[in-house]
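> build me a model from this:
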Amino acid sequence: MGPAPPHDRGHPPIDFPFFGVFPWKGPTWVEFYEGALGYPMTTLWLGHRVENGRAHISVGTNTYRPGGLELGEELAFGSLFTLSERMRPDRTAVEFPEGFNKAQIDHVYESSQGWREWPTVPCEVDGREKVLSHRRYAWGWAGFICDVGVAGVKLVAVDVEPDIIALRTVRTPQTYGFDPSQRLSVSDLHEQADLAGDARLPLPWADTVHPDQQALIDHHGLG
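Numbering: from 1, shown residues only. So this is what the prediction gives:
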């Protein structure tokens, strides 16, 4: 598939199978796209939130196989980085000390290098048992499954345990509010965020520092 027109703030139509949680009761939506604007996306993230609550799981179908890195390491890094950014407290309530951003990135990188040692649980994908690797951080967990789809799946969740997850290839994308056969615009995601009753997560997630974040501050002597 060729690139999109110049200056396009979106991605060409999706030509790969992608996954969601099934069954799921509660709001579902397209969270965000990864990849260079104007070119095929490298990850499609779909959100799932419980009714009248904040417990949720995000499923990122990956299409990118990195050169020089094993797929497991790439998926581990991508999922844990997404979780670590999502778990940042409200900036108006908490100001992290200088150096925290680098300390957290270093933590994500070092953790992803040890992806083979992440705890595992069985996970059903399209009716077949697969292995879900996961690691907890702050209020949630990050995980991945290597041998599904084009290049694996990344997962991020809070208050939804990894051992109850079942994934299916999405056959009815309208339940997520989008049409994958059309060009997918980043601007559309911003417009959806402005709609009344938007299904997305209420972020920032917290207004306090989690002990895991405090441990990074203490370990690096950030004060």
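
> tell me the contacts of residue 133?
Contacts for residue 133 (CB atoms under 8 Å, 6 or more residues apart in numbering) come out as 72, 76, 115, 118, 119, 120, 143, 144, 145. All C-beta atoms are positioned from the backbone trio N, CA, C, and that covers glycine.

> redo those residues as CSV? Include pLDDT.
Shown next, in CSV, are these (pLDDT from 0 to 100):
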residue, pLDDT
72, 96
76, 97
115, 98
118, 98
119, 98
120, 98
143, 98
144, 98
145, 98
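
> quick one: buried ones out of those residues?
Burial by neighbour count, 16 or more other CB atoms under 10 Å: within the contacts of residue 133 this picks out 72, 76, 115, 118, 120, 143, 144, 145.

> is it true that the fifth one touches residue 129?
No: assessed by CB atoms under 8 Å, residue 120 is found out of contact with residue 129, at 11.6 Å.

> can you list the contacts of residue 133 in CSV and add secondary structure?
Rendered in CSV, the data for those read as follows (DSSP: H, G, I helix; E, B strand; the rest coil):
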residue, secondary structure
72, helix
76, helix
115, helix
118, coil
119, coil
120, strand
143, strand
144, strand
145, strand
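
> what's the closest of those residues to residue 102?
Ranked by distance to residue 102 (CB to CB), these are led by residue 76 at 19.0 Å.

> OK, contacts around the closest one?
Applying CB under 8 Å, 6+ apart, the residues contacting residue 76 are 111, 112, 115, 118, 133, 135, 142, 144.

> repeat that with 6 Å
Taking CB atoms under 6 Å, 6 or more residues apart in numbering as the definition of contact, the neighbours of residue 76 are 112, 115, 144.

> ok, residue 51 next?
When contacts are counted by CB under 6 Å, 6+ apart, residue 51 touches residue 26.

> is it in a helix, a strand, or coil?
With three-state DSSP as the basis, residue 51 sits in coil.

> next one: residue 85 from residue 105, what distance?
When distance is defined by CB to CB, to the nearest Å, residue 85 is 10 Å away from residue 105.
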